[in-house]
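Novice: Take this sequence and fold it.
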Amino acid sequence: MNLQDRIINHFSDSIQTQQEAMSGLCELIEYASQFLVSALLNDKKILACGNGRSATAVQLLSSAMLNQYERDRPSLPVIALNTDAVTLTAIANDYHFDDVFAKQLRALGQSGDILIVYTDGYHCANIAKAINAAHDKDISVIALTGSNGGMVSPLLNETDIEIRVPSNSSARIQEVHVLITHCLCDLIDHQLFG
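Specialist: Have a look, this model is predicted:
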């Protein structure tokens, strides 16, 4: 297989995964956006976290909400829990890496806030602990997952939403997570600002 064939395969796989996600996830994405808008209208905030490449989707969400998505509008309160290197390394050093999000969430989260977690479904003990900490504080969770939902899916309760990308490929899952994030940003802006 030559290099251009490899490129074509990446595009084709991505398009197929996006089409499958579009067919199966539109209603959940709409519901998640309404859930977020309701929290924002009630003066609550959104906290978000993810590991590795998933952390980039968290930063995309927070920058689009705190600054702007595609138009000028008031800032919206989103805290990215994976961006403060000093806090992350301090918690990991003094406690355990599994605590890096939960410890922040216990300090910053309040009842009625929403936690958004991004994970491709693998090796996410710190995400699992964040979900448990959220539930302890009466904070609902929106989980963007993939594959079989990994260790996150069984932790979710009836007030939570799981948006599971139909793929086993971390790259495809993360690509669709970015697209879902763009959808959420657009839907929030549309519902709040017309």
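Novice: What ranges does the protein have for its strands?
Specialist: For the chain, applying DSSP state E gives strands covering 46-50, 78-80, 114-118, 140-146, 161-165.
Novice: State which helix of this structure is the longest.
Specialist: Longest helix in the chain by number of residues (criterion: DSSP state H): helix 3-41.
Novice: What residues of that helix count as buried?
Specialist: 14, 17-18, 21, 25, 28-29, 32-33, 35-37, 39-40 (16 or more other CB atoms under 10 Å). In short, each C-beta sits where N, CA and C put it, glycine included.
Novice: what angle sits between it and strand 140-146?
Specialist: Orientation of helix 3-41 against strand 140-146 (axes from the mean of the first three to the mean of the last three CA atoms, to 10 degrees) gives an angle of 170 degrees.
Novice: Looking at the strands of the chain, which is nearest to residue 133?
Specialist: Between residue 133 and the strands of the chain, the tightest spacing by CB to CB is seen for strand 114-118, at 8.5 Å.
Novice: Residue 39: what's it in contact with?
Specialist: 45, 46, 112, 113, 114 (CB atoms under 8 Å, 6 or more residues apart in numbering).
Novice: wait, the third one sits on residue 137?
Specialist: No. When contacts are counted by CB atoms under 8 Å, residue 112 is not listed as touching residue 137 (9.4 Å).
Novice: which of the contacts of residue 39 lies closest to residue 184?
Specialist: residue 46 (9.8 Å).
Novice: ok, the closest one - how many residues close by?
Specialist: 22 (other CB atoms under 10 Å).
Novice: The one 3 residues further on too?
Specialist: Residue 49 has 27 neighbouring residues, counting by other CB under 10 Å.
Novice: again, but for residue 84
Specialist: 14.
Novice: likewise residue 136?
Specialist: Other residues within reach of residue 136, judged by other CB under 10 Å, total 12.
Novice: Of the contacts of residue 39, which is the most crowded?
Specialist: Ranking these using other CB under 10 Å puts residue 114 first, with 25 neighbours.
Novice: so which of the strands of the chain comes closest to residue 8?
Specialist: Nearest to residue 8, of the strands of the chain and by CB to CB, is strand 161-165 at 21.5 Å.
Novice: Please name every helix or strand in contact with the closest one.
Specialist: Applying 3 or more CB pairs under 8 Å, 6 or more residues apart in numbering; DSSP states H and E, we find strand 161-165 packed against helix 3-41, strand 140-146, helix 170-193.
Novice: okay, the angle between the second one and helix 170-193?
Specialist: Angle of strand 140-146 versus helix 170-193, following the same axes, to 10 degrees, is 140 degrees.
Novice: Show residues contacting strand 140-146.
Specialist: With CB under 8 Å, 6+ apart, strand 140-146 has contacts from 32, 35-36, 57, 114-121, 131, 134-135, 149, 152-153, 156, 159-168, 170, 172-173, 176-177, 180-181.
Novice: Good, wrapping up.
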